[in-house]
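> One predicted model, sequence on top.
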Amino acid sequence: MSDRQIEQIVIIGSGPAGWTAAVYAARAELEPLVFEGLPSPDMIPGGQLMYTTEVENYPGFPTGVDGQQLMLDMRAQAERFGTRVRTEDIVSVDLTSQPLRLTTSEGEEVLTRTVVVATGAVAQWLGLEHEQRLRRMGGGVSACAVCDGALPAFRDKPLVVVGGGDTAMEEASFLARYGSEVTIVHRRDEFRAAKVMQDRVLSNPKIRVEWNHVVKDVLGDDFVEGVVVEHVDTGEQRTLEAAGLFVAIGHRPNTEFLGGAVDLTDAGYLRVAPGSTETSVPAVFGAGDVIDDHYRQAVTAAGTGCMAALDAEHWLANHGAEFQPAAGEGESVLEPSGSAAAGA
């Protein structure tokens, strides 16, 4: 095994957090290896911004930037400094000793000193026939009002929000600044959001609620033109005029592949130390939406990607002398300062 390469840093994920971590790690001459992931129904390499046609709130672009172009530029910047990229998934990990061991979707075992997990979170969708088609083509279906709600296509137009939790209340309040009217569609007769957030929404004259209703379809060829809702008790259907559908029923962080090896929050996000990207496992760091169930913005993801790369660089600098060759092997081992088992 003497010829097996041991990476200094592997970055899992290819959104703003992953590419920013790669830029910083590459400029620190750590020769990062990025696993950008395989395309799936929920996610494609580049992350959520690959479905966004116009980004107006990322610093440095006074006239906005296409989401796909932004991600391609981030990748190109990382590659400019020597980042290597593989279009594969990491499907399982062994984080119990050094070097850390990652198994790819091709069945290869990759050895690395440090790992940055930047796998993001995917929005939970309604499963409507035309929902994903309109979402992917930038046709007015979104899971982020702060990202998309201020775009010209939604200004002074009727908009629909689906959900009843804190996120739905935040989305509706934000959209009310720009849309002519915001309708919240909720399947129950009361919200589960915090009382103060409910009060803010219910007192807003531009927001109304369709209680006891579910969304059955979204209409439109190239852009949302209407939303079909159905009463949960009577089954009566009708169409609401709408130029945008904002789905706010939660997100699912992409942490399944970790197999419980790293501590998670109650909501399933990577748990990191306050003010840091350190996880419960030494040499494993989290960045982007996989650690963030609150902001979920490209710029905040990029910021934590920078932090994770710097944290990994510092970890390597502080622990480099502790690596010793294993008996009979060319690998190096470092006993972690704590257990990698879940819950440690």
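Structure's in. What do you need?
> Name the spans of this structure whose pLDDT lies under the cut-off.
Under the criterion pLDDT under 70, the flagged ranges of the chain are 1-3, 41, 320-344.
> Can you name the residues that contact the residue nearest the centre of it?
Taking CA atoms, centre = their mean, the centroid of the chain lies closest to Gly120, which sits 2.9 Å from it. By CB atoms under 8 Å, 6 or more residues apart in numbering, the contact list for Gly120 reads Gly13, Gly15, Ala17, Met43, Gly47, Gln48, Pro253, Asn254, Gly288, Asp289, Val290, Ala301. Using the backbone N, CA and C atoms, a C-beta is placed for each residue, glycine as well.
> Could you count how many residues lie near the spatially closest residue to the third one that is not a sequence neighbour?
Spelled out, it's Ala17. Once flanking residues are discounted, Ala17 sits nearest to Gly288: 2.8 Å by CB to CB, 6 or more residues apart in numbering. When neighbours are counted by other CB atoms under 10 Å, Gly288 registers 32.
> Repeat that for the one 3 residues further on.
Summarising burial for Ile291: neighbours were counted as other CB under 10 Å, giving 25.
> ok, now the one 5 residues further on?
Arg296: 20 surrounding residues under other CB under 10 Å.
> Next: Glu190.
Residues near Glu190, counting by other CB under 10 Å: 9.
> Phi first, then psi, for it.
phi -150, psi 150 (degrees, to the nearest 10).
> going forward, begin numbering at 728 instead of 1
Sounds good: first residue 728 from here, last item Glu917.
> Roughly how far does it sit from Thr779?
33 Å (CB to CB, to the nearest Å).
> Likewise for Val941?
26 Å.
> Comparing the two, which residue is more hemmed in?
Thr779 (22 against 15).
> any idea how far the more buried one is from Trp746?
As defined by CB to CB, Thr779 lies at a distance of 15 Å from Trp746.
> Next: Thr831.
For Thr831 relative to Trp746 (CB to CB), the value is 19 Å.
> do Ala870 as well
From Ala870 to Trp746 the distance is 21 Å (CB to CB).
> The two: who's more crowded?
Between Ala870 and Trp746, Trp746 has the larger neighbour count (other CB under 10 Å), namely 32 against 24.
> Spatially nearest residue to that one (excluding sequence neighbours)?
Here the residue nearest Trp746, using CB to CB, 6+ apart, is Met801, at 3.7 Å.
> Give me the contact list for the helix or strand hosting that neighbour.
Here Met801 is covered by helix 794-807, with elements defined by DSSP states H and E. The contact list for helix 794-807 (CB under 8 Å, 6+ apart) reads 741-743, 746-747, 749-750, 753, 759, 761, 763, 773-774, 776-782, 785, 788, 812, 1025.
> Likewise for stretch 1029-1047?
With contacts defined as CB under 8 Å, 6+ apart, stretch 1029-1047 is touched by 735-736, 743-752, 755, 757, 759, 840-841, 843, 845, 1003-1005, 1009-1010, 1012-1015, 1018-1019, 1061.
> what do you get if the cut-off is 7 Å, keeping everything else the same?
Residues from elsewhere that reach stretch 1029-1047, judged by CB atoms under 7 Å, 6 or more residues apart in numbering: 735-736, 743-745, 747-748, 751-752, 755, 757, 840-841, 843, 845, 1003-1005, 1010, 1012-1015, 1018, 1061.
> Now do the buried residues in it.
1029-1040, 1042-1043, 1046 (16 or more other CB atoms under 10 Å).
> How far does it sit from its chain's centre?
Here stretch 1029-1047 is found 20 Å from its chain centre; the criterion is CA atoms, centre = their mean, to the nearest Å.
> For the residue nearest to the centre of the chain, which non-adjacent residue is spatially closest?
Leaving aside its sequence neighbours, Gly847 is closest to Asp1016 (4.5 Å, by CB to CB, 6+ apart).
> Gly971 is in contact with Gly866, isn't it?
No. Look at Gly971 against Gly866 with CB atoms under 7 Å: they stay out of range, at 9.3 Å.
> Which neighbours do those two have in common?
With CB under 7 Å, 6+ apart as the test, Gly971 and Gly866 both reach Val951.
> if you count what's nearby, which of these two comes out ahead?
Each of Gly971 and Gly866 has its neighbours counted (other CB under 10 Å); Gly971 has more, 28 against 22.
> ok, what's across the strand from that one?
Leu886 (DSSP bridges).
> Can you list the strands that the strand ranked longest in the chain pairs with?
As assigned by DSSP state E, the longest strand anywhere in the chain is strand 836-844. Sheet pairing of strand 836-844 (DSSP bridges) gives strand 733-739 (parallel), strand 827-831 (antiparallel), strand 1011-1013 (parallel).
> Name the residues that touch it?
Contacts of strand 836-844 (CB under 7 Å, 6+ apart): 731, 733-740, 748, 825-831, 997, 1010-1014, 1017, 1035-1036, 1039, 1042-1043, 1058.
> Please, where are all the helices along the stretch 928-1071 of the chain?
1025-1046 (DSSP state H, counting those that start in this stretch).
> Now do the strands in it.
Counting by DSSP state E, counting those that start in this stretch, one finds strands in the stretch 928-1071 of the chain at the ranges 934-937, 940-946, 953-958, 964-968, 971-974, 978-980, 1011-1013, 1051-1052, 1059-1060.
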